[in-house]
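Undergrad: Okay, predicted coordinates and the sequence, questions at the end:
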Amino acid sequence: MPTLYSYVVQTDYGSAPNPFWDVCTLVICKPKIRRSARVGDWIVGTGPANSPLGDVRGMMVYAMRVTNKMPMSDYDAWAREHRPEKLPNAHSNDPRLHVGDAIYDFATNPPRVRPGSVHGVYEREHDLSGEYALLSEHFFYLGDQPLALPEVLKEMVQRTQGHRSVSNAQYLGPFLKWLAKLDMPVNTLHGIPSAWLEASPAPTQLISLAPRPRRS
């Protein structure tokens, strides 16, 4: 039986999760989830009380079924070969490249933090304690278009720091049924990271990724 993980995405920069380039990845932050989650498990991120959108507690920001799990050093090699866009590039005009999550260069020991990364050396120990990178080629990313969970699923929402998993067992079936009824395209960006709405200047060239009004 797959495990359903849920947690609050306190700040949605587009780096954790990183939903770009056709693979949604969770490589930094949430080390406990990254260590324990297995292929086939589901991870759901919900919104916080304070965001650029206001209070979005109980609203789904993203959901991903884990389709691959690899040590972070292997992810570094995989990203360099298959998804170099996941490496941070602060000099690009494309904000998706600013939030690349392959921020640790394992060619050195300890791994070097790549220039322009969203995290620095102070977060390195915390990030590396997760040991693994989680990848998904079956995900739904809503970003600034979060979707309210139905009443029957409200109890699966984590309301503090940390995450829920074992206690969510009873909600896995109802969640998957609800998700299927939405009939949303898989592996599609239905919104942009909400933190981008406060960027200066705003990444207007990507706002068109989410042209619809926010759902309640």
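TA: Looks like it arrived, so ask away.
Undergrad: what are the phi and psi values for the residue nearest in space to the middle of the chain?
TA: In the chain, the C-alpha nearest the mean C-alpha coordinate belongs to P17, at 1.7 Å (Cα atoms, centre = their mean). Main-chain dihedrals, P17, degrees, to the nearest 10: phi -80, psi 160.
Undergrad: Going forward, count from 25.
TA: All set: I'll call the first residue 25, so the last point we hit is now P41.
Undergrad: Pretty sure it sits against K54.
TA: No. Using Cβ atoms under 8 Å, P41 is not in contact with K54; the gap is 9.1 Å. All C-beta spots, glycine's among them, are computed from the backbone N, C-alpha and C.
Undergrad: Name all residues that make contact with the residue nearest to the centre of the chain.
TA: P41 sits next to 33, 48-50, 69, 86, 88, 163, 165 when contact means Cβ atoms under 8 Å, 6 or more residues apart in numbering.
Undergrad: From V176, how far out is it?
TA: Using Cβ to Cβ, to the nearest Å, P41 is found at 25 Å from V176.
Undergrad: repeat for Q169
TA: Applying Cβ to Cβ, the value for Q169 to V176 is 22 Å.
Undergrad: okay, the two: which has more neighbours?
TA: Q169 (21 against 12; other Cβ atoms under 10 Å).
Undergrad: what's the closest non-adjacent residue to that one?
TA: Nearest residue to Q169 in three dimensions, chain neighbours excluded: G215, at 3.5 Å (Cβ to Cβ, 6 or more residues apart in numbering).
Undergrad: Just give me the neighbour total for the one you found.
TA: Neighbour count of G215, defined by other Cβ under 10 Å: 25.
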